[in-house]
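*Asks:* next come a sequence and a model predicted from it.
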Amino acid sequence: MKQELPVQRAAADNSEDHETRSSMYQLRGRMGTTGLLFTVLAFTAPLGVVFGFVSVNISFGIGVPVAFVAVAVLMALFAMGFTGMTKAIPRPGAFYTYIREGLGRPLGLGGSFLALATYGFNVTSCIVVSGIAVNNLLGAFMDVVTTPWWLWSMVMFGIAWVLSYFNVELSAKVLSVILAVEVLSVAIFDAVIIANGGPEGPSFEPWDPTNLFTPTIGVLLLFSIGVFNGFEATAIYRDEVKEPAITIPRATFLAVAFLGIFYAISAFALILSTGTSQAVAAAQTDPTAMMPDALLRYFGAFANQVIGILLVTSFFASGLSLQNILSRYTHSLAVDGIFPQSIAAVHPKHGSPHRAAVSVGAVLLLVLLVLVLSGGDENSLYAAAAGVAFYGMLLLLCLTAVAVIVYFRRNRSSMSFWRTLIAPIVALVGIGFALLTASFNMELLVAGDPLLLTVSLLIPYVSIAVGVFVALALRSRKPDTYIRIGRALD
């Protein structure tokens with residue numbers, strides 16, 4: 001008689017209570033497409049991107065509007081396979097679940113740890129920069145600002161922590177209002193400058209595709225991809241939206257399309273504000289001054305103060321969105337028993353992962369305290385955390401693209417060959433190129449000595465390795481937990 005393996009026995013023992021467990025730990029919500037769309041777009045902090053990052057892109061070449069359109073197409077190709085997985089695998093967990101289904105439990109858990117690290121560094125960066133934004137705002141009204149950045153970071157983080165405890169619809173309403181104001185303000189900026197034509201008059205040169213073919217094309221595309229982070233977060237809210245098989249793909253593609261159009265037009269307007277022939281030089285000289293100078297020239301000093309207020313709310317919204325995402329990844333890992341199952345509880349009234357939200361907030365508070373006590377420069381802390389998060393997201397997208405390809409080669413699907421193979425392969429090549437560019441140019445993402453650059457590069461890979469190690473340890477010591485990796489029993 002053939003001996004049954006521990007994992008097989010565990011699967012048999014636990015399959016009966018799988019539905020009960022899933023029901024007990026299932027999050028609840030009724031978000032529609034608009035609510036989900038605004039929730040994930042808030043993560044990207046579009047006003048912050050236009051104000052602080054688009055000018056950096058311009059410093060690598062005038063073809064930024066075309067680059068944003070090209071990256072939107074690339075992200076749409078990725079989204080085709082990604083949303084195909086949401087239909088084929090009707091379970092929560094997003095990256096965690098999809099990587100597990102395509103590449104196995106060990107890499108699935110490694111991918112989940114990478115997601116935690118990536119979003120963790122991202123929200124840390126956001127918390128720090130929100131404090132900086134408040135001090136900058138105060139500086140626009142006061143001669144001397146004496147409050148430390150971390151005081152305001154604590155306040156902003158604390159409010160987001162409280163909101164993350166409640167149902168996702170509450171966060172969605174707050175985020176929707178903030179995002180609407182952000183988008184409107186940038187739209188006014190774009191319309192005025194494009195109508196004016198700038199100091200050199202109207203020009204369509206930035207839309208010429210040949211402007212992409214420069215020695216800096218790799219870096220330009222790299223930074224353009226970086227500001228699209230957030231659209232992939234739609235899938236993590238699977239249990240909290242109406243008709244997830246329809247809502248998630250729709251919100252994902254709308255997010256990609258919106259970001260591509262929004263950033264391309266805003267980059268075009270910012271180039272015109274300086275003049276097509278001078279834009280690259282101006283961005284290279286001082287990218288941080290490009291947007292403020294445009295506001296002062298075309299709208300007056302008061303506009304800078306208004307934008308200062310909106311930047312604060314933009315970074316707050318991004319931080320709230322990120323805390324919600326982290327709470328849901330933590331919840332999924334707790335449901336599977338990777339983290340203590342006591343924090344997997346779902347609030348009886350709000351249907352939210354309230355204990356996971358409290359736990360995530362506690363960890364973030366500890367991280368913030370360590371950063372404050374370290375005495376590091378806030379601008380360096382924010383930039384270093386953002387660089388690691390950016391690199392980690394590229395790696396996460398690549399892993400997921402590979403998982404999509406492998407999964408659909410192993411499992412028959414009624415979805416098209418284009419959606420399940422060609423689009424994910426093209427996306428993998430494009431994102432992989434950006435990942436390689438980042439690997440060889442980490443000094444562009446993280447400012448510091450060689451040791452810091454090496455550590456920053458290794459953090460995402462170490463997080464994967466830790467996840468794989470934990471999974472392998474569980475396979476021999478806790479097979480019942482091992483089989484649950486990826487929110488599934490099979």
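*Replies:* Looks like it came in fine. Quick caveat: nothing in here was measured; it's all calculated off a predicted structure.

*Asks:* what segments of the stretch 151-300 of the chain are strands?
*Replies:* In the stretch 151-300 of the chain, no segments count as strands under DSSP state E, counting those that start in this stretch.

*Asks:* pLDDT below threshold where in it?
*Replies:* Within the stretch 151-300 of the chain, no range satisfies pLDDT under 70.

*Asks:* switch the cut-off to 80
*Replies:* Low-confidence segments of the stretch 151-300 of the chain (pLDDT under 80): 214-216.

*Asks:* residue boundaries of the helices in it?
*Replies:* 168-196, 217-226, 244-274, 279-285, 287-298 (DSSP state H, counting those that start in this stretch).

*Asks:* in the fourth one, what counts as buried?
*Replies:* Yep, that's helix 279-285 we're talking about. Going by neighbour count (16 or more other C-beta atoms under 10 Å), the buried part of helix 279-285 is 279-280, 282-283. (Glycine included, C-beta is placed from N, CA and C.)

*Asks:* before we move on, back to that, what's the closest of the helices of the stretch 151-300 of the chain to T44?
*Replies:* Proximity of the helices of the stretch 151-300 of the chain to T44 was assessed by C-beta to C-beta; the nearest stretch is helix 244-274, lying at 6.5 Å.

*Asks:* ok so, going back, R30 is nearest to which of the helices of the stretch 151-300 of the chain?
*Replies:* Proximity to R30 (C-beta to C-beta) singles out helix 168-196 among these, at 6.8 Å.

*Asks:* list of residues touching stretch 182-198?
*Replies:* Contacts to stretch 182-198, defined as C-beta atoms under 8 Å, 6 or more residues apart in numbering, come from residues 46-47, 50, 202-203, 262, 265-266, 268-276, 294-295, 298-299, 306-307, 310, 313-314, 317.

*Asks:* distance to V402 added to the buried residues of helix 279-285, as a markdown table?
*Replies:* Shown next, in a markdown table, are the buried residues of helix 279-285 (distance: C-beta to C-beta, whole Å):
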| residue | distance to V402 |
| --- | --- |
| A279 | 38 |
| V280 | 36 |
| A282 | 40 |
| A283 | 35 |
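
*Asks:* can you pick out the most distant pair from those?
*Replies:* V280 and A282 (7.3 Å).

*Asks:* what about the nearest residue to N379 once chain neighbours are set aside, which SS state?
*Replies:* Spatially, and ignoring its direct neighbours in sequence, N379 is nearest to I132 (7.0 Å; C-beta to C-beta, 6 or more residues apart in numbering). Under DSSP: H, G, I helix; E, B strand; the rest coil, I132 falls in the helix class.

*Asks:* what's around I132, how many residues?
*Replies:* 20 (other C-beta atoms under 10 Å).

*Asks:* wait, isn't it in contact with S380?
*Replies:* No: shown here, I132 and S380 do not form a contact pair, counting by C-beta atoms under 8 Å, at 11.3 Å.

*Asks:* ok so, going back, which of the contacts of stretch 182-198 count as buried?
*Replies:* 46-47, 50, 203, 262, 265-266, 268-276, 294-295, 299, 307, 310, 313-314, 317.

*Asks:* quick one: the residue nearest to N379 from D480, how far?
*Replies:* 47 Å (C-beta to C-beta, to the nearest Å).

*Asks:* same thing with M154?
*Replies:* In terms of C-beta to C-beta, M154 sits 41 Å off from D480.

*Asks:* and A357, by the same measure?
*Replies:* Distance from A357 to D480, by C-beta to C-beta: 27 Å.

*Asks:* ok, those two, which is more surrounded?
*Replies:* A357 (26 against 16).

*Asks:* what sits against the more buried one?
*Replies:* So A357 contacts 161, 164-165, 323-324, 327 (C-beta under 8 Å, 6+ apart).

*Asks:* over to V66?
*Replies:* Taking C-beta under 8 Å, 6+ apart as the test, what V66 contacts is 206-209, 211-212, 264.

*Asks:* for it, helix, strand, or coil?
*Replies:* V66 ends up helix, using three-state DSSP.

*Asks:* any idea how far it lies from P287?
*Replies:* Counting by C-beta to C-beta - V66 and P287 are separated by 19 Å.
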